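**Q** Predicted model, plus sequence, below.
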Amino acid sequence: MRTIDLRSDTVTQPTEAMREAILHAPVGDDVYGEDPTVNALQERLASELGFEAALFVPTGTQSNLLALMSHCERGDEYIVGADAHTYRFEGGGAAVLGSIQPQPIPQEADGTLPLDRVEAAIKPDDPHFARTRLLALENTWHGRPLPFGYLAQARELATRRGLGFHLDGARLYNAAIAYGRAPRDVAAGFDSVSVCLSKGLGAPVGSVLLGSAALIAKARRWRKVAGGGWRQAGMLAAAAMHALDHHVERLADDHRRAARLADGLGGIDGLQLKGCHTNMVFVDVPATRLKDLAAHMASHGIRLSIGYLPSIRLVTHLDVDDTAVKRTIDAFRAFAY
Ligand SMILES: *Cc1c(COP(=O)(O)O)cnc(C)c1O
């Protein structure tokens, strides 16, 4: 029985074609800036997403951290969603490693930070306060594409109040597919953007930070300090290039399969469908049944993310096909709630 892993879109295996691309990648020492495949990836993404420069890094967490540390200095503050990844799921890195104070703002159900609350949280220039320097958004947020018009409104506020504007775009390509827009339209207006290649795009490792040449120069320095100065990373950049060539349009398949999954789960008594956004489906069961459900699904070869979020999360990706969707619905149906 083939395991169906719906915990996250990070669990994908590199395809045969991707492994081929990795095998034949020209490489060099990236700390010297001499890896041709890394350089090609960085130049390509900077040009495609509309930025001066880009930096290939091991993880989205490091990419966001480098962005925050490049925008802010010790004693500065960034405004961020209270349930945003950089604030909640990155070990407090901005504060721990960057001496940057987060100012969390409770988010609406659609992931937006109410802009009047953002504005009210900006501190006056006074030694009592941290210096508010940056506004950070996340798109998609728990699978939700932010309302497209909100991006320009938030940009307007950041400009008017002199704040930098960062996007954690780990799943920016999912957002682009959901909007039916070019990825560069989703990145437009931000001073820095972090994108993950290792989520729905299916590369084994890697994220890219985009920004001005000056910002990326700072980020490159912090990457070295953080121990992220890697060497013949072109083998990983080759996988990322392959993902950009072959795995962007197909994100629509993941979204379609998530919708199909939600459709099938929606009709099951005792299971509450909480939402379906891009490649993520959220369901609830009575808390007393969670453990049994996990065991039941495991016995059907299905892995789920249970316990990290209030709801159970199911994520579709490259290794989840139509048969897997059907098997998952059948397994949920067979459970006594
Ligand atoms: C996964 C993720 C990250 C971090 O990526 P890692 O590569 O796991 O460190 C950042 N932001 C969001 C929204 C993510 O989903």
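**A** Here it is on my side, so go on.
**Q** for the ligand, what are the nearby residues on the chain?
**A** Contact residues, the chain versus the ligand (C-beta under 6 Å from any ligand atom): Thr59, Gly60, Thr61, Asn64, His85, Glu138, Asp168, Ala170, Cys196, Ser198, Ser207. Backbone N, C-alpha and C define where each C-beta goes, glycine included.
**Q** What helices and strands are in contact with the lowest-mean-pLDDT helix or strand in the chain?
**A** Least confident element among the helices and strands of the chain, by mean pLDDT, DSSP states H and E: helix 290-299 (a mean of 94). Applying 3 or more C-beta pairs under 8 Å, 6 or more residues apart in numbering; DSSP states H and E, we find helix 290-299 packed against helix 322-333.
**Q** tilt between the helix it packs on and helix 290-299?
**A** Angle, helix 322-333 to helix 290-299, by axes from the mean of the first three to the mean of the last three C-alpha atoms, to 10 degrees: 140 degrees.
**Q** His255 against Asn174, yeah?
**A** Yes. Contact criterion C-beta atoms under 8 Å: His255 and Asn174 qualify, at 7.3 Å.
**Q** Need the overlap of contacts for those two.
**A** Common contacts of His255 and Asn174, defined by C-beta atoms under 8 Å, 6 or more residues apart in numbering, comprise Thr278, Asn279.
**Q** out of those two, which sits in the busier spot?
**A** Neighbours were counted for His255 and for Asn174 using other C-beta atoms under 10 Å; Asn174 has more, 28 against 20.
**Q** And the nearest residue to the more buried one once chain neighbours are set aside, how far from Phe332?
**A** Excluding its sequence neighbours, the residue lying closest to Asn174 (C-beta to C-beta, 6 or more residues apart in numbering) is Thr278, at 4.5 Å. To Phe332, Thr278 is 20 Å away according to C-beta to C-beta, to the nearest Å.
**Q** Now do the same for Val118: helix, strand or coil?
**A** Under DSSP: H, G, I helix; E, B strand; the rest coil, Val118 falls in the helix class.
**Q** burial of it, as a residue count?
**A** Number of residues near Val118 (other C-beta under 10 Å) recorded here: 22.
**Q** Enumerate every residue touching it.
**A** Ile79, Ile105, Leu135, Ala154, Leu157.
**Q** Kindly indicate which of these lies nearest Asp191.
**A** Asp191 has its nearest neighbour among the contacts of Val118 in Leu135, at 9.7 Å by C-beta to C-beta.
**Q** wait, what's in contact with that closest one?
**A** Tyr78, Ile79, Val80, Leu113, Val118, Ala154, Leu157, Ala158, Leu163, Gly164, Phe165, His166.
**Q** go again using 10 Å as the cut-off
**A** When the contact criterion is C-beta atoms under 10 Å, 6 or more residues apart in numbering, the partners of Leu135 are 71, 78-80, 103, 105, 113, 115, 118-119, 121-122, 154-155, 157-158, 161, 163-167, 190-191.
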